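J.: how would this look folded up:
(2 chains)
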Amino acid sequence: MDPMESIKQTYFQECDELLLAMEEGLIAMENGEADSEAINAVFRAVHSIKGGGGAFGFETLVSFAHVFETVLDHVRSGTLAPEADVVKVLLRAGDTLADHVAAARSGGFVADDEVKSELSALSNAEAEDLSASSADIDGLNFAPVMIDLDGSATPPQTNGNWRIRFVPKAGLYAKANEPFLLVRELTRLGTVEATPDTSRVPSLAALDPDESYLSWNITLKGCEDRQKIDDVFEFVTGDCELDIEAIAAAEPDPAPAVVTIADDVVLPAEMGSVEAAPTEKRSVAASGGAETQVRQTIRVDLDKVDRLVNLVGELVITQAMLSQRVTDYSSQQGAAVTAGLNELEHLLRELQEAVMAIRTQPVKSVFQRMPRLVRELAAQTNKQVHLVLEGEATEVDKTVIERLGEPLTHMIRNAIDHGLEMPDERVAAGKPPEGTVILSAEHRSGRIVIEVSDDGRGIDRDRVKQKAVEKGLISANENLSEEEIDNLIFMPGFSTAGQISNISGRGVGLDVVRRNIVELGGRIGIGSTAGKGSRFSFTLPLTLAVLDGMIVAVGDQTFVLPLSHIIESLLPKASDIRSFGAKGTLLNVRGGYVPMISVAELLGIEGGVTDPAAGVVILVESEGAGRMALAVDNIVGQRQVVIKSFESNFRHIEGIAAATILGDGRVALILDIDGLVSRCRDGRRHEMQQAVGA
Amino acid sequence: MGKTILTVDDSRTMRDMLKLALSGAGHTVVQAEDGVHGVEVLAASPMVDVIITDINMPRMDGYGFIEHVRRKSSHKGTPILVLTTESEPAKKLRARDAGATGWIVKPFDPEKLLAAIRRVSP
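T.: Below you'll find the model as predicted:
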């Protein structure tokens, strides 16, 4: 790739990080928790976005960032207090800057005039002419500010010959400037004759090594452009006396030169090329106070990590295979080998966990997108919303994070649009006018639980039920539990809003959210109290690469059931099994009836146990149909299996989630409980549920 | 022979751009991400010929870094170029007062960057 193109990619990556850091700092300001370092971090973020943007010629971005930065500069210097309405403008400016970055990346136009003028109003910048072309904005304009040194505004046009008197002060040397280099630089402009003036050098005894005693009289011939001479001395302005005057054409040549600087001085640009030494690539956690420890990270191609994950998976399988073989050939000498293999198993488990951990990231990256969403929704709905984020540091697999954004966005929309009431309604109900939405993440027993809760009106179950009947999703006389009613809102084709609002109703229903979560191997839980609020929780696996499974035998086949769906396993008595309808079977579990299906029958496997009472029943929780009893022959064991995608190697099959390789080297299919259940429930579900309810 | 140049900037983009321009001209580039890191790198690399530093950085900004180099390090005489988008005289003056040798205005063009280095280092 073209190196500039690759740096541009880096720039956009960095922009994403900087925008997050900026957002975080602005929110801290909004909550009144921002210290000066936090404000500085916001300033730096905007400043860096502007700096990089300038390098790539993103002019509208730079011009907006400049106005934004100016206001932030006032805030950090204390001339502008970060009060609520100021921060509100800053937050909007932050959103607009994010839009500018997006537009720079993938094209598009950002209407920023309004925000820009609000920003300008804040910085009292009458001088800030919004219509000014970006070239007027400093930072874009390369030409440095020049200070006219000799006071003559327009030097007379000359024949290109100049007389320069250059008297360095001690400060020039203290700043590591070097007269020789400046004279050498002049040789690039023309022929130079430089005469040192040593008259002020004292006797050695009186010489102060830090003082400056030498000065130079220089003549430069053949340089038409006075500006170029000024440029040479740009860095030493103020640290020297400098007189530059044109030599009139008639004037005689000055005194003979004592020192002549040759043109053939070796210049860096002509020097041999040296390979750049490899330097460490480190990236700093974008924000945090001065005391925050800087975490060192490396950027690794995801493919490389996945290769590693895969290899470790293979290693685990090989290990399991070996241990199986050793057990099979078990003898006296086998015991020692088995002990070694057990050790190896422990180490491998640790290695596997460590490798999986590489793929994890804090959920922060997706959580941080929500404050903006909330602000926009609050503005659109005229509701007052306070968003609380908890557990942002909770880590989960990158793929899970990537696919979490959409469902979360949807749930937050839902909470604000349907959950929270209008401020006056809230006040009438004895609540504060501002509604609270809490987005939290935490690890709970090897899974991650993400919750979106609000303190709004809660789910109106009568209304939900009525709606579901109207839509033909359930029949009017169906007797549903509260939980079942709540779950109706995740049914395809369900929408409670009387009219489709432009916020929640974007053609996708909550059923899409459920599908997304289920595809990730997760589940959705709902809790709601009328008048108090609702809570939606997503329970997701930490990784998509391995799975804790229960190995079961059905006929001559072996299957893996995801442990996350299993509630319990039972040895049913013949008296607990009731047949229902033509094909249905119900299982009595401690007084309640649960629909039972035979895996053998469902998948058409022969040679297995036909009488459920002779086999084992596994009680599972499925998304759509609640509890189900799966009849299998027996349980082989419980272990962690490496998931091998079925779809990428074969094709999607309803009811089968993936495949894995067992310790004995055999391939086993991982059952998709929800798919399996829906495979059998078509046409039978209502029958069964009515029977269960009856 | 190329020089060894320490670049101190919290922006990865800017570090990459500096490195591209400098190593393309035959210089060896050593990088640091902020003033504190710059001080550490400098202590470990005695052979740095030129330092290029940003001003706005976390932990220790450019001014603090320059002051440290001029007062407390063994690199008192090493030329320091300041990277800045602010061409206002005030910011440059403050960097100069801290001991900066010269400055480069961002976005820089590689030619001007190399010219600035040439003006401060043999």
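
J.: mind listing what's buried in stretch A:40-53?
T.: Of all the residues in stretch A:40-53, those buried under the rule 16 or more other Cβ atoms under 10 Å in any protein chain shown are A:40-53. In short, each C-beta sits where N, CA and C put it, glycine included.

J.: no no, stretch A:26-33
T.: Within stretch A:26-33, the residues scored as buried using 16+ other Cβ under 10 Å are A:Leu26, A:Ile27, A:Ala28, A:Met29, A:Glu30.

J.: And for stretch A:368-379?
T.: A:Gln368, A:Arg369, A:Met370, A:Pro371, A:Arg372, A:Val374, A:Arg375, A:Leu377, A:Ala378.

J.: Quick check, central residue of chain B?
T.: B:Ile52 (1.1 Å; Cα atoms, centre = their mean).

J.: what does the strand or helix carrying that residue contact?
T.: Using DSSP states H and E, B:Ile52 sits in strand B:50-54. Strand B:50-54 is contacted by residues B:3-11, B:14, B:18, B:35, B:38, B:42, B:62, B:65-66, B:69, B:75, B:78-84, B:104, B:117, B:120-121 when judged by Cβ atoms under 8 Å, 6 or more residues apart in numbering or on different chains.

J.: Where helices are concerned, which of these count?
T.: Under the assignment DSSP state H, these contribute B:Met14, B:Leu18, B:Gly35, B:Gly38, B:Leu42, B:Gly62, B:Phe65, B:Ile66, B:Val69, B:Ile117, B:Val120 to helices.

J.: Near residue 76, how many other residues are there?
T.: Went with chain A since none was named. 20 (other Cβ atoms under 10 Å in any protein chain shown).

J.: Chain B was what I was after
T.: As a burial measure, B:Lys76 scores 12 neighbours (other Cβ under 10 Å).

J.: One more: A:Ser481?
T.: By the criterion of other Cβ under 10 Å, A:Ser481 has 10 neighbours.

J.: coming back round to it: now the buried residues of stretch A:368-379 as JSON lines including pLDDT and secondary structure?
T.: Shown next, in JSON lines, are these (pLDDT from 0 to 100; DSSP: H, G, I helix; E, B strand; the rest coil):
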{"residue": "A:Gln368", "pLDDT": "84", "secondary structure": "coil"}
{"residue": "A:Arg369", "pLDDT": "84", "secondary structure": "coil"}
{"residue": "A:Met370", "pLDDT": "89", "secondary structure": "helix"}
{"residue": "A:Pro371", "pLDDT": "88", "secondary structure": "helix"}
{"residue": "A:Arg372", "pLDDT": "86", "secondary structure": "helix"}
{"residue": "A:Val374", "pLDDT": "90", "secondary structure": "helix"}
{"residue": "A:Arg375", "pLDDT": "88", "secondary structure": "helix"}
{"residue": "A:Leu377", "pLDDT": "87", "secondary structure": "helix"}
{"residue": "A:Ala378", "pLDDT": "88", "secondary structure": "helix"}
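
J.: helices and strands of chain B: which one has the lowest mean pLDDT?
T.: When the helices and strands of chain B are scored by mean pLDDT, DSSP states H and E, helix B:89-98 comes last with a mean of 81.

J.: all helices of the stretch 401-550 of chain A, in order?
T.: A:405-414, A:423-428, A:461-470, A:482-488, A:510-519 (DSSP state H, counting those that start in this stretch).

J.: right, so of the ones you listed, which gets closest to chain B?
T.: The closest of the helices of the stretch 401-550 of chain A to chain B is helix A:405-414. By Cβ to the nearest Cβ, the value is 24.0 Å.

J.: so where is the stretch 251-400 of chain A shaky, pLDDT-wise?
T.: A:251-297, A:330-334 (pLDDT under 70).

J.: Are stretch B:66-85 and chain A in contact anywhere?
T.: Yes - Stretch B:66-85 is in contact with chain A by Cβ under 8 Å from any Cβ of the partner chain, via B:Arg70, B:Lys76, B:Gly77, B:Thr78, B:Pro79, B:Ile80, B:Thr85.

J.: what residues are up against the spatially most central residue of chain A?
T.: In chain A, the centroid-proximal residue (Cα atoms, centre = their mean) is A:Ser365; its distance is 3.1 Å. Taking Cβ under 8 Å, 6+ apart, we find A:Ser365 in contact with A:Leu20, A:Ile401.

J.: Pull the number of nearby residues for A:Ala582.
T.: Around A:Ala582 there are 7 residues (other Cβ under 10 Å).

J.: Next, it: secondary structure please.
T.: What DSSP: H, G, I helix; E, B strand; the rest coil gives for A:Ala582 is coil.

J.: now the one 4 residues further on
T.: For A:Leu586, the secondary structure call by three-state DSSP comes out as strand.

J.: if I look at it, how far off is chain B?
T.: As for A:Leu586, its distance to chain B is 63 Å (criterion: Cβ to the nearest Cβ, to the nearest Å).

J.: Same question for A:Gly665.
T.: 47 Å.

J.: How many residues are close by the residue of the stretch 501-650 of chain A at minimum distance from chain B?
T.: In the stretch 501-650 of chain A, the residue that lies nearest chain B is A:Thr543 (28.5 Å; Cβ to the nearest Cβ). Using other Cβ under 10 Å, A:Thr543 is surrounded by 23 other residues.

J.: again with A:Lys573
T.: 10.

J.: quick revisit: the inter-axis angle of the least confident helix or strand of chain B versus strand B:50-54?
T.: Helix B:89-98 and strand B:50-54 are oriented at 140 degrees to each other (axes from the mean of the first three to the mean of the last three Cα atoms, to 10 degrees).

J.: If the residue nearest to the centre of chain B is in a bridge, with which residues?
T.: Bridge pairing for B:Ile52 (DSSP bridges) gives the partners B:Thr7, B:Leu81.

J.: ok so, going back, contacts made by the least confident helix or strand of chain B with the rest, please.
T.: In contact with helix B:89-98 (Cβ under 8 Å, 6+ apart) are residues A:145, A:147, A:175, A:238, B:55, B:62-63, B:66-67, B:70, B:82, B:84, B:86, B:100, B:103.

J.: switch the cut-off to 10 Å
T.: A:144-145, A:147, A:171, A:175, A:234-239, B:53, B:55-56, B:61-71, B:80-86, B:88, B:100-103, B:105 (Cβ atoms under 10 Å, 6 or more residues apart in numbering or on different chains).

J.: how far does that helix sit from the chain's center?
T.: A distance of 14 Å separates the centroid of the chain from that of helix B:89-98, by Cα atoms, centre = their mean, to the nearest Å.

J.: Likewise for stretch A:25-33?
T.: With Cα atoms, centre = their mean, you get 20 Å for stretch A:25-33.

J.: now the contacts of helix B:89-98: which count as buried?
T.: By 16+ other Cβ under 10 Å, the contacts of helix B:89-98 give A:144, A:171, A:175, A:234-237, A:239, B:53, B:55-56, B:61-70, B:80-86, B:100-103, B:105 as buried.
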